[in-house]
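Engineer: Here's a sequence, model it:
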Amino acid sequence: EGKTYRLPTEAEWEYACRAETTAVYTFMDDESQLGAFAWFRDNSELKTHSVGGKKPNAWGLHNMHGNVREWCADWYSADYYAGSPAQNPRGAPGGKYRVRRGGSWSDDDRSCRVTNRRSSKPNARYGNLGFRLVAIPAR
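Structural biologist: Presented below is the predicted three-dimensional model:
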C-alpha cells in the first residue's frame with residue numbers, strides 16, 4: 001500500500017470522534033440516541049460486534065462511542081490536560097499506563113461520552129479493548 005500505520009494520539013482520537021461537534025456524543029447531547037450509534041451495555045448482549053452495525057459519525061467513522069475501548073499512543077497522566085498545549089497536545093512524556101478512549105460493549109452510556117478516558121498498562125488485554133489505526137500516506 002505504501003503507507004505506514006500507527007495508533008492515534010489521544011487528541012487525534014478525540015478529534016476524529018467529535019467530527020467537528022462540541023456535544024457530549026458526536027451526534028448530540030441526548031444519550032437516548034446512543035443505541036443508534038454504539039454497542040454498549042444496554043444493547044450489546046455483552047459481546048463485541050462487527051464494525052458497521054451502527055450509524056457512523058459525521059465523518060463516516062463507526063464505533064467511536066462503543067463496541068471496544070481503543071488504545072491511544074499517549075502515556076496516561078490524570079492531570080496532563082491542566083497544563084497541556086491547547087492545540088494538538090501530545091500526552092505525557094512517559095509513564096506506566098497508556099491511554100484508552102471511548103466506551104465499550106460493557107460500559108454504560110456515561111462511559112461512552114467523547115471525553116471518556118481511562119488507562120491501562122501497555123501489555124493489558126481485555127475482551128472489550130481494541131485499537132484503531134491512523135494511516136500515513138506514502139510521500
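
Engineer: can we go C-alpha only for contacts and neighbour counts from here?
Structural biologist: OK.

Engineer: Tyr97 contacts Pro122, correct?
Structural biologist: Yes - Tyr97 lies in contact with Pro122 (C-alpha atoms under 8 Å); the separation is 6.1 Å.

Engineer: Of these two, which one has the most company?
Structural biologist: Tyr97 (17 against 13; other C-alpha atoms under 10 Å).

Engineer: Just list the residues touching the residue nearest to the more buried one when sequence neighbours are not counted, thanks.
Structural biologist: Spatial nearest neighbour of Tyr97, chain neighbours left out: Lys121 (4.5 Å); criterion: C-alpha to C-alpha, 6 or more residues apart in numbering. Taking C-alpha atoms under 8 Å, 6 or more residues apart in numbering, we find Lys121 in contact with 96-98.

Engineer: quick one: contacts for the residue lying closest to Ser44 once chain neighbours are set aside?
Structural biologist: Distances taken as C-alpha to C-alpha, 6+ apart place Trp105 nearest to Ser44, at 5.5 Å, with adjacent residues excluded. Trp105 makes contact with 39-41, 44-48, 66-68, 128 under the criterion C-alpha under 8 Å, 6+ apart.

Engineer: how about CSV for those residues, with neighbour count added?
Structural biologist: Formatted as CSV, the contacts of Trp105 follow (neighbours: other C-alpha atoms under 10 Å):
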residue, neighbour count
Trp39, 32
Phe40, 27
Arg41, 20
Ser44, 18
Glu45, 12
Leu46, 16
Lys47, 16
Thr48, 18
Gly66, 32
Asn67, 31
Val68, 29
Asn128, 18
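
Engineer: from these, which is closest to Pro137?
Structural biologist: Closest approach to Pro137 among those (C-alpha to C-alpha): Val68, at 26.0 Å.

Engineer: Look up the closest residue to the closest one, ignoring the ones flanking it.
Structural biologist: Here the residue nearest Val68, using C-alpha to C-alpha, 6+ apart, is Ser104, at 4.1 Å.
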